[in-house]
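[1] Can you look at this prediction? I've put the sequence above it.
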Amino acid sequence: MTRRDTQSWGHSTVETACPLDCPDSCTLEVTVENGRIVSIDGGHQNPTTRDYICGKVRRFAGRVYGEDRLLYPGIRKGTKGDGTFNRVPWGEALDHIAAKIEEIRARSGAEAILPFCYGGSNGLLTQDTNDAALWRRLGTSRLARTVCAAATGAANLGLYGKMPGVVYEDYVHARLIVLWGVNPSSSGIHLVPFIKEARQNGALLIVIDPRATSLAKQADVHLAPHPGTDLPIALALHTYLFDRGHADHEFLAAHATGVDELRARASGWTIERAAQVSGVAAAQLERVAELYASASPSVIRCGWGLERNRNGGSAVAAVLALPAVAGKFGVRGGGFSMSNSTAFGIKAAEWMNDNPEPQTRLVNMNKLGDALLDYRDPPVEMLFVYNCNPLATMPHQNRVLEGLKRSDLFTVVYEQVFTDTSRYADVVLPATTFLEHYDIAKGYGPISLQLVRPVVEPAGEARPNVEVFSEIAARLGLGDAEEETDTLLRIGGRLPHATGAELLERGAATPPYGGRPVQFVDVFPLTPDGKINLCPVALDQQAPAGLYGFQPDPATDRYPLALISPASEKTISSTLGELRERAGMLQMHPSDAAERGIGHEDPVRVFNQLGEVHCPVALNRDIRPGTVSLAKGLWRRSTYNGSTSNALVPDTLTDLGGGACFNDARVQVALLGRH
Ligand code: SF4
């Protein structure tokens, strides 16, 4: 295989796939003229995504060729935060980094080095391959990648061993669809047409979201709970099912353990009590319980919105337990959807275990500020950031910023564009985008595995992750430099059931179960005993109030409003945040605004004990009173004062999985200039 089969002349349309952190994993058709991308559209390989893509990736060429693109390696010349760098050759930049690694390792030990990455590129090659080999051989601090999906992952693993779920196509068979903490109009957009088709077939729709999203407006019932109260709602539904004779005891006896424990823990939560705590009407909640008890097939799309608070893990566990208690499995279109990332049976351990993981210090990424400012023995002396923009995405933003400003911290940022975090780097390295390198895209909505092909030559001197990390390893005498195609073949060869060979040959692998497993027909819990564990001991011990234990709201009289930061139609987490044209606007209900003398588009100060954000306000009746919203993934340039919602987010952790509590931010809002 040649490294590139791209063309620098003429006109071509290349099929590739989108590996970005979105469930859908679209096939793409990218049109290239004279070596430049001119359009990005949907391709045909992935049948679920039906030839269309989101507006975000449609404009991805704006990132590839944009003014923020990092084109050359650079070494800082000004003070941290200036964002000024001297261009240097790759060799010099990598020599400099390798020398620093040696110096720190000799002085303080390799645990003083903290690699920091998340799903910016998100393919199977760009992370947990040659990078992991380098870090493991060095014995650096390890990173718990918990900013997203940590609580959902822990709950899904504990109850079902991450059993695959209902795929989008099978929603058309459902008689009832529950969208819980998820907005497919913004992310995972290819679910929407299947919901519409199901509705045309007579399916009912329930949406549980503090905002009246476009699907919520079309729903038969929309519950708009106070953020962080999904757990009481789910437990009240369990109580209803058990007490009114709707629990499927035959199914539970055959397939579940922990049933009595779940029932006992849910029993204090009546419809009335849950309604009171969550701020939804009891009659509405009762209607949801009735509909869920009676409709079949019935599917719950459990999203990631409900995990982002102190009760998030228990909430997800309680939601995922509903189809078990109500006996909704065993039919097409019945059960739940969470993440289908395990469906191909791919385990990164297959290649990572060539280099066993040393039991070095484990740093929760949500505590980056603490790690940079407080950790001793050894302190963090080198931060190596890639596939991630922590200054924009991590909680307690001001503390992260303070840490990045440390003059004695050596920071490397290896990135596609000049991010907020890059400004604080000592060395910047330019990374290729998924349109310039090979990768493997794994869907976690549709069950798909596709080859990502480079469609154009890299901009400037950008290079793929796998090559750069192996080159650093080679400089340190810890491995050989590797071409990206060699890494692709090596990793492809480790994929189970010869999927790698098929993937390389035809660009996609045949999905198991025809891509449409029926839960408890084709797939069963992947737990050790093959049963659903409704109250796993490990989760119970982990949760501060025990599994299914509710922790009260953190609001105070000073900071009474709940701030949420949901996904938007502009960015994938913070990816593409550089292309936002307008300031982020705080969404606020008119009644909350009127109480504070705030009008539409007024500049406001959103604040709490951790920081403040200055931005314009948008009066919006679609958000529940008492809750305000500022989009996830904003960059610092998108507000008036360079702070985003994460400046107001505590670095407290979810009850399960050590996840981020973005929706536990409690704030006050005032016109700018007032206190
Ligand atoms: S971000 Fe999602 S919807 Fe958009 S192109 Fe990628 S996979 Fe498709």
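    Cool, the structure landed. Residues are numbered from 1 along each chain as shown.
[2] In stretch 620-628, which residues are buried?
    620, 622-628 (16 or more other Cβ atoms under 10 Å). C-beta here means a position set from N, CA and C on the backbone, and glycine is covered the same way.
[3] which among the residues you listed gets closest to residue 537?
    Distance to residue 537 across the buried residues of stretch 620-628 (Cβ to Cβ) is lowest for residue 627, with 35.0 Å.
[4] List the contacts of the closest one.
    Contacts of residue 627 were listed using Cβ atoms under 8 Å, 6 or more residues apart in numbering, and they are 210, 226-227, 561-564, 589.
[5] And residue 440, by the same measure?
    Residue 440 neighbours (Cβ under 8 Å, 6+ apart): 19, 123-125, 449-452, 488, 491-492, 503.
[6] Contact residues of the protein facing the ligand?
    Counting by Cβ under 6 Å from any ligand atom, the chain comes close to the ligand at 18, 20, 22, 24-26, 53-54, 56-57, 189, 572.
[7] In this structure residue 642 contacts residue 636, no?
    Yes - between residue 642 and residue 636 there is a contact at 4.2 Å, judged by Cβ atoms under 8 Å.
[8] of these two, who's got more company?
    More crowded of residue 642 and residue 636, by other Cβ atoms under 10 Å: residue 636, with 20 against 16.
[9] thought the more buried one was touching residue 646?
    No - if you go by Cβ under 8 Å, residue 636 and residue 646 don't touch, sitting 9.9 Å apart.
[10] Identify the contacts common to these two.
    With Cβ under 8 Å, 6+ apart as the test, residue 636 and residue 646 both reach residue 392.
[11] if we can go back for a sec, can you tell me which of the residues of the chain next to the ligand are in helices?
    The helices, defined by DSSP state H, take in 56-57 from the residues of the chain next to the ligand.
[12] got JSON lines for the residues of the chain next to the ligand, with distance to residue 164 too?
    Formatted as JSON lines, the residues of the chain next to the ligand follow (distance: Cβ to Cβ, whole Å):
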{"residue": "18", "distance to residue 164": "21"}
{"residue": "20", "distance to residue 164": "21"}
{"residue": "22", "distance to residue 164": "18"}
{"residue": "24", "distance to residue 164": "16"}
{"residue": "25", "distance to residue 164": "15"}
{"residue": "26", "distance to residue 164": "20"}
{"residue": "53", "distance to residue 164": "24"}
{"residue": "54", "distance to residue 164": "24"}
{"residue": "56", "distance to residue 164": "26"}
{"residue": "57", "distance to residue 164": "25"}
{"residue": "189", "distance to residue 164": "21"}
{"residue": "572", "distance to residue 164": "23"}
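[13] what are the ranges of the helices in the stretch 551-675 of the chain?
    590-595 (DSSP state H, counting those that start in this stretch).
[14] and what of the stretch 351-500 of the chain?
    Assigned by DSSP H, counting those that start in this stretch, the helices in the stretch 351-500 of the chain fall at 368-373, 390-393, 397-404, 465-475, 484-492, 499-506.
[15] Return the most buried member of the ones you listed.
    Most buried of those by mean neighbour count (mean count of other Cβ atoms under 10 Å) is helix 390-393; its value is a mean of 28.
[16] Restrict that helix to CA atoms and write it as CSV.
    Output of helix 390-393 as CSV, limited to C-alpha atoms (Å, rounded to 0.1, in the frame of the first residue of the first chain):
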residue,chain,number,x,y,z
PRO,A,390,-8.4,21.0,27.6
LEU,A,391,-8.6,24.7,28.2
ALA,A,392,-11.9,24.7,26.4
THR,A,393,-13.2,21.3,27.5
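[17] Who are the packing partners of it?
    helix 397-404 (3 or more Cβ pairs under 8 Å, 6 or more residues apart in numbering; DSSP states H and E).
[18] Output the contacting helices and strands for the helix it packs on.
    helix 368-373, helix 390-393.
[19] Columns mean pLDDT on top of these, output as a markdown table?
    Shown next, in a markdown table, are these (pLDDT from 0 to 100):
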| stretch | mean pLDDT |
| --- | --- |
| helix 368-373 | 98 |
| helix 390-393 | 98 |
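[20] Need the residue closest to the centroid of this protein.
    residue 148 (4.4 Å; Cα atoms, centre = their mean).
[21] need the contact list for that residue.
    21, 118-119, 304, 573, 659-660.
[22] Spatially nearest residue to the residue in the stretch 451-600 of the chain that the ligand sits nearest to (excluding sequence neighbours)?
    The nearest approach of the stretch 451-600 of the chain to the ligand comes at residue 572, 5.4 Å away (Cβ to the nearest ligand atom). With sequence-adjacent residues excluded and distances taken as Cβ to Cβ, 6 or more residues apart in numbering, residue 572 is closest to residue 20, at 4.9 Å.
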